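Undergrad: Quick one, structure for this:
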Amino acid sequence: MAELAQESGHHMSKKDKKRQRSTFREYMATLVDDEAPCETVIFRGGTLELSTWKEIKQLGAIRACCQGAFMLQMSYNSTLHEIFGADMKILNNGDGLSSHEKRMFMSKNSAASKTRDREMQKDRKKKTNQKKMFLDADGEDI
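TA: This is a model prediction of the structure:
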């Protein structure tokens with residue numbers, strides 16, 4: 001099993017090799033270390049925690065079938081809710097809001113979104129300053 005986790009071939013793309021190594025590492029962790037697999041799917045209204053290989057493989061198959069419409073199907077399809085044991089109220093909590101409230105809380109121009117953007121900009125500036133400081137011969141801030 002450990003050899004398969006590191007196996008690669010010239011015929012595979014980098015993305016496929018990376019996915020294969022990751023999958024085998026997860027299998028090894030389950031078999032050797034007895035760790036339970038865990039995958040989290042984040043939706044606009046909540047999260048869905050998957051903790052068995054069966055659920056993770058079902059999710060992969062449904063994602064492959066739905067492709068780009070997966071999030072939409074997961075939000076409104078009651079059959080998928082039953083398969084994954086999702087609570088429809090949690091996933092669709094934005095349905096009770098008026099259009100004005102949705103715009104205030106969920107749009108790119110909302111206060112929460114603006115705050116998140118400002119924090120990301122601060123983090124980016126901080127990282128670039130750290131890189132510049134590292135590359136600066138004197139060690140002084142630029």
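
Undergrad: helix, strand or coil for residue 56?
TA: helix (DSSP: H, G, I helix; E, B strand; the rest coil).

Undergrad: list the contacts for it?
TA: By CB atoms under 8 Å, 6 or more residues apart in numbering, the contact set of residue 56 is 37, 39, 50. (Each C-beta comes from the backbone N, C-alpha and C, glycine too.)

Undergrad: got TSV for those residues, with pLDDT too?
TA: Converted to TSV, these look like this (pLDDT from 0 to 100):
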residue	pLDDT
37	79
39	84
50	85
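
Undergrad: Just give me how far stretch 21-30 sits from the chain centre.
TA: Distance, stretch centre to chain centre, for stretch 21-30: 18 Å (CA atoms, centre = their mean, to the nearest Å).

Undergrad: What are the buried residues along that stretch?
TA: Buried residues in stretch 21-30, counted by 16 or more other CB atoms under 10 Å: 24, 26.

Undergrad: could you dump it to CSV, C-alpha only?
TA: C-alpha atoms of stretch 21-30 as CSV (Å, rounded to 0.1, in the frame of the first residue of the first chain):
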residue,chain,number,x,y,z
ARG,A,21,-1.0,10.3,-3.8
SER,A,22,-3.5,12.2,-1.7
THR,A,23,-6.1,9.4,-1.9
PHE,A,24,-3.6,6.7,-1.0
ARG,A,25,-2.3,8.8,1.9
GLU,A,26,-5.9,9.0,3.2
TYR,A,27,-6.4,5.2,2.7
MET,A,28,-3.1,4.6,4.6
ALA,A,29,-4.2,6.8,7.4
THR,A,30,-7.4,4.9,7.7
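
Undergrad: got the residue ranges for the strands in this protein?
TA: Remark: strands assigned in the chain by DSSP state E are 39-43, 46-50.

Undergrad: now the last one and strand 39-43, what's the angle there?
TA: This means strand 46-50. Per axes from the mean of the first three to the mean of the last three CA atoms, to 10 degrees, the angle that strand 46-50 makes with strand 39-43 is 160 degrees.
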